[in-house]
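>>> Please find the sequence and the predicted model below.
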Amino acid sequence: MPSWIADSSGRFPQRLYLRTPEIDRDCEMVVSEFLLRRHGVVRYPLSTAELTVLVEEHANSLDQYADLSAEGDDVEGMTCFQPGGRPDVLISKHLTNQPHRENRLRTTLAHEFGHVFYHRAVYDQLFAAPPGLFPTSAVDTRTVCKRDTMVQAGEGDWLEWQAGYVCGALLMPVTAIRRLIADLLMGHGIHGAAVAGTPAARAAETRIMEEFLVSADAARVRLRRLSLLSDTAGPPTLFDRP
């Protein structure tokens, strides 16, 4: 179960504290249950259509043709929270209308799912706070998500960091990616992390892009967060294999 700690920013009464293994476990469970319910089998990649349905199932509404230009040219997604109900999700029409940007659309949908899945509880406590303590008029009850922080935000912005981690964990579930990359790297004679820039690292990134339909940046960030990609060679302890 997630835990709560004081929010030093003062934006919320408390902030949600999530360990990365918790997020990985939750996302894999959500995706597995969803695929089993729809197809009777768990197989990847999660298609864009399936990802859309998953968001729709958890949100109040999903608008994939939203005009978000008033928020800035780099805003590609938004989740709007409301008292007593599920949040509304808006995706920039510029992503939906351009087929060549499908990977970015998938990333944005998965990122907004992270806000919907975890952060409704954060805003519910805000709405329930005594009048004057955390007035909603002084706090933006939306998460406005920009292109550059969709996959990897600084940990200081914990809402965006958590949603960014969910993005990777949802599209590239932990068990599947560890099994895939362990086998690939062992084929290169590597029992630990691949070193960035090496043929093995490039092969791992390419394989993830192909298997999970994600961008090179998303693949690279996911590998790093799971300690499967490193700047230096490390001990062979990543895969729990001899």
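Alright, I've got the coordinates.
>>> use CA for all of it now, contacts and neighbours both
Fine.
>>> where exactly do the strands run in this protein?
Assigned by DSSP state E, the strands in the chain fall at 3-6, 14-17, 61-66, 75-82, 85-92, 142-146, 194-195, 229-230.
>>> got JSON lines for the ones you listed, with mean pLDDT too?
JSON lines is the format used below for the strands of the chain (pLDDT from 0 to 100):
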{"stretch": "strand 3-6", "mean pLDDT": "88"}
{"stretch": "strand 14-17", "mean pLDDT": "88"}
{"stretch": "strand 61-66", "mean pLDDT": "97"}
{"stretch": "strand 75-82", "mean pLDDT": "95"}
{"stretch": "strand 85-92", "mean pLDDT": "96"}
{"stretch": "strand 142-146", "mean pLDDT": "91"}
{"stretch": "strand 194-195", "mean pLDDT": "92"}
{"stretch": "strand 229-230", "mean pLDDT": "92"}
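>>> Just send the ones you listed back as JSON lines, with distance to residue 155 and mean neighbour count too.
Shown next, in JSON lines, are those (distance: least, Cα to Cα, whole Å; neighbours: other Cα atoms under 10 Å):
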{"stretch": "strand 3-6", "distance to residue 155": "15", "mean neighbour count": "11"}
{"stretch": "strand 14-17", "distance to residue 155": "12", "mean neighbour count": "18"}
{"stretch": "strand 61-66", "distance to residue 155": "27", "mean neighbour count": "17"}
{"stretch": "strand 75-82", "distance to residue 155": "19", "mean neighbour count": "24"}
{"stretch": "strand 85-92", "distance to residue 155": "23", "mean neighbour count": "21"}
{"stretch": "strand 142-146", "distance to residue 155": "15", "mean neighbour count": "18"}
{"stretch": "strand 194-195", "distance to residue 155": "24", "mean neighbour count": "22"}
{"stretch": "strand 229-230", "distance to residue 155": "19", "mean neighbour count": "21"}
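>>> how about those strands, which one is nearest residue 153?
strand 142-146 (9.6 Å; Cα to Cα).
>>> what comes into contact with that closest one?
71, 74, 75, 76, 77, 78, 79, 80, 81, 115, 160 (Cα atoms under 8 Å, 6 or more residues apart in numbering).
>>> Direction included, what does that strand pair against?
strand 75-82 (antiparallel) (DSSP bridges).
>>> Any idea how far the partner strand is from the middle of the chain?
14 Å (Cα atoms, centre = their mean, to the nearest Å).
>>> Tell me which residues are up against that strand.
68-69, 87-92, 95, 108-109, 112, 115-116, 120, 123, 141-147.
>>> rewinding a little: of the contacts of strand 142-146, which pair is most distant in space?
74 and 81 (21.0 Å).
>>> Geometric centre of the protein: which residue is closest?
Nearest residue to the geometric centre of the chain (Cα atoms, centre = their mean): residue 167, 1.5 Å.
>>> Quick check, pLDDT for that one.
Looking at residue 167, its pLDDT stands at 96.
>>> Go ahead and confirm it touches residue 111.
Yes. Shown here, residue 167 and residue 111 form a contact pair, counting by Cα atoms under 8 Å, at 4.6 Å.
>>> Find the residues that touch each one of the two.
Common neighbours of residue 167 and residue 111 (Cα under 8 Å, 6+ apart) are residue 151.
>>> quick revisit: which among the contacts of strand 142-146 gets closest to residue 190?
residue 160 (33.3 Å).
>>> coming back round to it: could you dump the contacts of strand 142-146 to TSV with distance to residue 199?
Below are these laid out as TSV (distance: Cα to Cα, whole Å):
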residue	distance to residue 199
71	41
74	33
75	35
76	33
77	35
78	38
79	39
80	43
81	45
115	36
160	32
